[in-house]
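*Asks:* here is my input; please provide its structure:
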Amino acid sequence: MSKLVCIRHGQSQWNKENRFTGWVDVELSELGIKEAEEAGNILKNYKFDKIFTSALKRAIRTAEIIIEVAGFDSIEMISNSALNERHYGDLQGLNKAEIGEKVGAEQLHIWRRSFDVAPPNGESLKDTLDRVLPYYEKEIAPLIKEGKDILISAHGNSLRALTMHIEGVSKEEISDINIPTGKPYVYEFDESLNLLSKKYLGENV
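*Replies:* Numbers count the residues shown, from 1 in each chain. Predicted coordinates for the structure are as follows:
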């Protein structure tokens, strides 16, 4: 039985400011650093063969803090833009509430939560899935099938895309799924890569 632990990076500065972040490379907030430290403490009893992150520093820093706190110093960490957050195009850097006032709550919800509608000059969740899934199937899934235990530090939408694939969530159902910052969750698979279980680790999720 192999494990895949996923974590959405700790709160970023723009999460805190309620801004669309996307591919803008912002730092963790003070709370985000604390969330990553808490995740490291939760994961101390786990052993990982490899750690994968996006190419954005909020995901990389979250993984680095987990490595430091949990004592995973000898584990290889691989960063790749295929796991990056969804690109929010013209919305990046803008305040979500202000955009909602300008375009209406319904349009804002469609841009944020629909499967195949992209914001202007940005990516839809479908676009994100189309780059996350090939990378997962080529680089990560074979390791899990070999019995390796893997940690992924990524983003709300890249992890929602993985959720669709691993859990068989429909494009209608995915709009209701939100992944909290800094809360690790674990998938367990059998040797044929069939999903056996999923659970969040720690408390208050």
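
*Asks:* after the helix or strand bottoming out on mean pLDDT in the chain, next one along is what?
*Replies:* The helix or strand with the lowest mean pLDDT-type score in the chain, counting by mean pLDDT, DSSP states H and E, is helix 105-113 (a mean of 92). Using DSSP states H and E, the helix or strand that follows helix 105-113 in sequence is helix 125-135.

*Asks:* picking that back up, which elements pack onto the least confident helix or strand of the chain?
*Replies:* Using 3 or more Cβ pairs under 8 Å, 6 or more residues apart in numbering; DSSP states H and E, the elements in contact with helix 105-113 are helix 96-103. In short, each C-beta sits where N, CA and C put it, glycine included.

*Asks:* any idea how far the spatially closest residue to residue 117 that is not a sequence neighbour lies from residue 21?
*Replies:* Of all residues not flanking residue 117 in the chain, residue 110 sits nearest, at 5.3 Å (Cβ to Cβ, 6 or more residues apart in numbering). Shown here: residue 110 relative to residue 21, a distance of 19 Å by Cβ to Cβ, to the nearest Å.

*Asks:* one more: residue 139?
*Replies:* For residue 139, the distance to residue 21 - Cβ to Cβ - is 24 Å.

*Asks:* picking that back up, okay, buried residues for the least confident helix or strand of the chain please.
*Replies:* 108, 111, 112, 113 (16 or more other Cβ atoms under 10 Å).

*Asks:* now for the residue nearest to residue 35 when sequence neighbours are not counted: which residues touch it?
*Replies:* Spatial nearest neighbour of residue 35, chain neighbours left out: residue 182 (2.7 Å); criterion: Cβ to Cβ, 6+ apart. Taking Cβ atoms under 8 Å, 6 or more residues apart in numbering as the contact definition, residue 182 lies against 7, 8, 9, 10, 11, 32, 35, 36, 38, 39, 62.

*Asks:* all strands for this structure, in order.
*Replies:* For the chain, the strands defined by DSSP state E occupy 2-8, 50-53, 76-79, 150-154, 185-189, 195-200.

*Asks:* select, out of the ones you listed, the one closest to residue 170.
*Replies:* strand 195-200 (15.7 Å; Cβ to Cβ).

*Asks:* just to revisit the earlier point, now pLDDT and distance to residue 202 too, for the contacts of residue 182, in CSV please.
*Replies:* Below are the contacts of residue 182 laid out as CSV (pLDDT from 0 to 100; distance: Cβ to Cβ, whole Å):
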residue, pLDDT, distance to residue 202
7, 98, 11
8, 98, 13
9, 98, 16
10, 97, 13
11, 98, 16
32, 98, 16
35, 98, 10
36, 98, 13
38, 98, 7
39, 98, 8
62, 98, 15
